[in-house]
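Novice: what's the 3D shape of this:
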Amino acid sequence: MLEKVQATLLSIYADTIVATPVRDGFLANNWNTNIGSVNTGTRGADKNGGASTAQADQGVSNLKIGDTIFFSNNLPYAVPVEFGVAGQNREPRRMLERSIRNHV
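Specialist: Numbering: from 1, shown residues only. The predicted structure follows:
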């Protein structure tokens, strides 16, 4: 069962990173994965989200039944990109929401 959970989480995380719009690579590379608490760190740009992917792989591989795993993005514009900006005609991208819906 744990392997199925891990595979599903990795698919959600990978799809989210790939679906993240890329201008300079900061947003894609600042998806954080942590067990037990939210990772509040940020990192530099990488248009492929390499550090985000590596951290997700490591976090999921360390996951045990009963753990709580957090997937977050701490950049100030992550929420407006995910949910859109009212009054500015910026449509929501729903990177994380769509990834979860596609795998759950």
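Novice: Tell me the pLDDT of residue 72.
Specialist: Listed pLDDT for residue 72 reads 96.
Novice: Hmm, I typed the wrong one, I wanted residue 85.
Specialist: 83.
Novice: Now it: phi and psi?
Specialist: phi -130, psi 110 (degrees, to the nearest 10).
Novice: what about it, how many neighbours?
Specialist: Neighbour count of residue 85, defined by other CB atoms under 10 Å: 13. To be clear about C-beta, it is placed using only N, CA and C from the backbone, and glycine gets the same treatment.
Novice: same question, residue 94
Specialist: Going by other CB under 10 Å, the residues that sit close to residue 94 add up to 16.
Novice: Next, find the distance separating the residue most central in space within the chain from residue 24.
Specialist: Central residue of the chain (CA atoms, centre = their mean): residue 31, 4.2 Å from the mean position. Distance of residue 31 to residue 24, computed by CB to CB, to the nearest Å: 15 Å.
Novice: Repeat that for residue 15.
Specialist: Residue 15 is 21 Å from residue 24, by CB to CB.
Novice: which of these two has more neighbours?
Specialist: Comparing residue 15 with residue 24 by other CB under 10 Å, the one with more neighbours is residue 15, at 17 against 11.
Novice: And the closest residue to residue 17 other than its chain neighbours, what's its pLDDT?
Specialist: Counting by CB to CB, 6 or more residues apart in numbering, the nearest residue to residue 17 once its immediate chain neighbours are dropped is residue 49, at 4.1 Å. We have a pLDDT of 96 for residue 49.
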